[in-house]
Every structure is written in C-alpha cells, then in structure tokens.
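Trainee: Got a sequence here, can you model it:
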Amino acid sequence: MIDGKKILAVIPARGGSKGIKNKNIVKLQGKHLIGYTIEVCKESLYIDEYIVSTDSEDIKEVSELYGAKVPFYRPEHLASDSAKSIDVVLHVLDKVERNSGKYDIVVLLQPTSPLRTVEELDNAIVEFVKRGGESLVSVCECEKSPILMREILHGKLTEIVNFRGNNLRRQELPIYYMFNGAIYINTVNMLKNKNCFVDEDTIPFIMDRENSVDIDEEKDLIIAEYYLNKREGNK
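Mentor: Next comes the predicted model:
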C-alpha cells in the first residue's frame, strides 16, 4: 500500500508458447523465469497482493513454489494467442475483488522481463502516485533510431519518421523510446472504464536498456544470462 492506496500485482503466464516451449517456467541461471517476477513482487514495499493468472497446472505448481498465489485458473478463451492482456487483468480483478475487497491500483508484470529490479518497480509505483495519473508504462531507449529506418514502398526507400535535419550522425539524433513490457501501472478505474493500459496521458518510466530484456526467443535467454552475470560481478 502507498498513500492509502491498495495495490494488486497481476503476473500473466499462460501455458502455450511458441518461441520457447514452456517459456514462463524455463530455467534461467537455475531459476524458473517466472520466479524472478514473483520475487520482485515479494520484495516490493508497496505490493499488497500478487496473483499469477495461468491456465497451466505446471505453471501453477512452479509459481506456488516461489510463494505466489494461484487461486483460480484462467478460462480457456483467455489463454489463446489472440486473448488480450486487458481481459486477463479484468478477469483477475473480478475474481479477487469478490474475496479480498477493492483495489485502487493494478500493476501488470510480465514474467518475460526477468531483469526488472524491485527498485525499478517501487520507483515506478512512487512516480505513478506522485504524478497522480491513471497509467504508467516502462520504456527504454531505442537501440536503433527509427530515423535510420526505411520501409520500401513501390520499390523505393521511404522514411518512417520524418527527419528535417541533414545530419544523420548517431550522436546528434534525437532520442526515441520504446515500450519494454516490464511494468504497466493503472488505476482500477481506468482499466474498467477505458479498457486499456495506455493512452495519450500515460506517464513514461525510463528503465535501463540492460534491464529491459524481453524473453521471446532462445537468444534472449543468452542475453539475459549475460546481463545477470554482469550484475552479479558488479556486486
């Protein structure tokens, strides 16, 4: 809880995954992937309750090993490739509010962001409450500037971003940011009334690019392991 506001964290982890089999419980440095996110919730100063939403018995079992609650299974229609995260969160809210009472804030934490730290999570929550907005999303600096990118239309290179300058030196290009998928924070009112996580008033929370690795393919596990080893070496 922070400033009198109750906070629920939702960790979405369906069983089906294509890029990596059983991705959410694959091992990364001896720890299940979902374990990193559960431990961050456990260590947070502000999270009042954290729930894993899954359709998988294996994920439920692993999540409970790390201390997470999995009080119900996700229905089949919310476990497909086309299911929307907003619907998953609203399903959890509906179930939890019947038993635990009302919450003010929901934090969505995807288990595919294992390098997100508890300090980043708590700083994002503090920033969200301090700014008094309805939504916050974590971002990181783009590795490659979209100014340098082109699409091909009618056989010709066409700008994606309109750049009016005449100098494409990397050091002098404007900085752009992208969603990194690590942290989404919303008021319950926004989720229920606007049915979305992000709008034109969403607060950006900038994270280090090294902590923004999103596990989607096998190579991402190698990259994450590299940064975890680097982090341990710096301690």
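
Trainee: Phe205: helix or strand, and which one exactly?
Mentor: Per DSSP states H and E, Phe205 falls inside strand 203-206.

Trainee: packing partners for that strand?
Mentor: helix 118-131, strand 135-141, strand 177-187 (3 or more Cβ pairs under 8 Å, 6 or more residues apart in numbering; DSSP states H and E). Any C-beta I mention is one placed from the backbone N, CA and C, and that applies to glycine too.

Trainee: which parts of it are buried?
Mentor: Buried residues in strand 203-206, counted by 16 or more other Cβ atoms under 10 Å: Ile203, Phe205.

Trainee: so what strands line up beside it?
Mentor: Strand 203-206 pairs in its sheet with strand 135-141 (parallel), by DSSP bridges.

Trainee: tell me the contacts of the most centrally placed residue in the chain?
Mentor: When Cα atoms, centre = their mean is applied to the chain, the residue found nearest the centroid is Ala182 (2.8 Å). Neighbour list for Ala182: Leu109, Gln110, Ser113, Arg116, Glu120, Ser138, Met207, Asn211, Ser212, Asp214 [criterion: Cβ atoms under 8 Å, 6 or more residues apart in numbering].

Trainee: Now, those residues that are in strands?
Mentor: Judged by DSSP state E, strands contain the following of the contacts of Ala182: Ser138.

Trainee: what's the closest of the contacts of Ala182 to Asp201?
Mentor: For the contacts of Ala182, the closest approach to Asp201 (Cβ to Cβ) belongs to Ser138, at 16.2 Å.

Trainee: What is the neighbour count of the closest residue in space to the closest one that isn't next to it in sequence?
Mentor: Nearest residue to Ser138 in three dimensions, chain neighbours excluded: Ile183, at 3.9 Å (Cβ to Cβ, 6 or more residues apart in numbering). Residues lying near Ile183 (other Cβ atoms under 10 Å) number 24.
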